[in-house]
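Trainee: The following comprises the amino acid sequence and a computationally predicted model.
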Amino acid sequence: MQFFRHFNIVRAINDLRSYLAQEAPHKLGFLVLSVAVFGALLVGFTIDSREVPVYHREVTYIEQWPADRTDAEIIAQQKIDGPIEAKRKAELAARQTKIQQDYKKLDDKLGKLGI
């Protein structure tokens, strides 16, 4: 802590001012520009870190089946699971078609603008 006893803020400011007065003006411009870019990055990362991340987790449940199942039991279960799987695939296809239509509309609008 003895360092801070010998530290004088007025002398430090005067020393910095005399150093900056000796430097070429273009070096000071680059100094200000680099401090501004660093500050913008720091502010950007600070703002971005406050957003809550969105996690999309899909849980997949695997059913355990006994090893001695008969073919009739397997076919009966497939008849039960078939419509459920078909419905899920149809919903997925509908969502994908909707997304494709939205992108097509966006592409058409951008095409009109010449982009």
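Mentor: Okay, I see it. Numbers count the residues shown, from 1 in each chain.
Trainee: got the domain boundaries for this structure?
Mentor: According to automatic domain parsing, the chain comprises the domains 2-49, 76-115.
Trainee: Just give me the lowest mean pLDDT stretch among those.
Mentor: With a mean of 87, domain 2-49 has the lowest mean pLDDT of the domains of the chain.
Trainee: can you map out the helices along this protein?
Mentor: 2-5, 9-22, 25-49, 71-113 (DSSP state H).
Trainee: Of all the domains of the chain, which one comes closest to His56?
Mentor: Among the domains of the chain, the nearest to His56 by C-beta to C-beta is domain 76-115 (13.7 Å). Every C-beta, even on glycine, is put in place using the N, C-alpha and C of the backbone.
Trainee: what comes up buried for the closest one?
Mentor: Buried residues in domain 76-115, counted by 16 or more other C-beta atoms under 10 Å: none are found.
Trainee: Quick one: distance of it to the chain centre.
Mentor: 24 Å (C-alpha atoms, centre = their mean, to the nearest Å).
Trainee: Same check on stretch 10-23?
Mentor: 43 Å.
Trainee: For it, output the C-alpha coordinates as CSV.
Mentor: C-alpha atoms of stretch 10-23 as CSV (Å, rounded to 0.1, in the frame of the first residue of the first chain):
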residue,chain,number,x,y,z
VAL,A,10,-2.6,15.7,-10.2
ARG,A,11,1.0,14.6,-11.2
ALA,A,12,-0.5,11.6,-13.0
ILE,A,13,-2.8,13.7,-15.1
ASN,A,14,-0.1,16.2,-15.9
ASP,A,15,2.2,13.4,-16.9
LEU,A,16,-0.5,11.9,-19.2
ARG,A,17,-1.2,15.4,-20.7
SER,A,18,2.5,16.0,-21.5
TYR,A,19,2.8,12.5,-23.1
LEU,A,20,-0.2,13.0,-25.3
ALA,A,21,1.0,16.5,-26.3
GLN,A,22,4.2,15.0,-27.7
GLU,A,23,2.5,12.4,-29.8
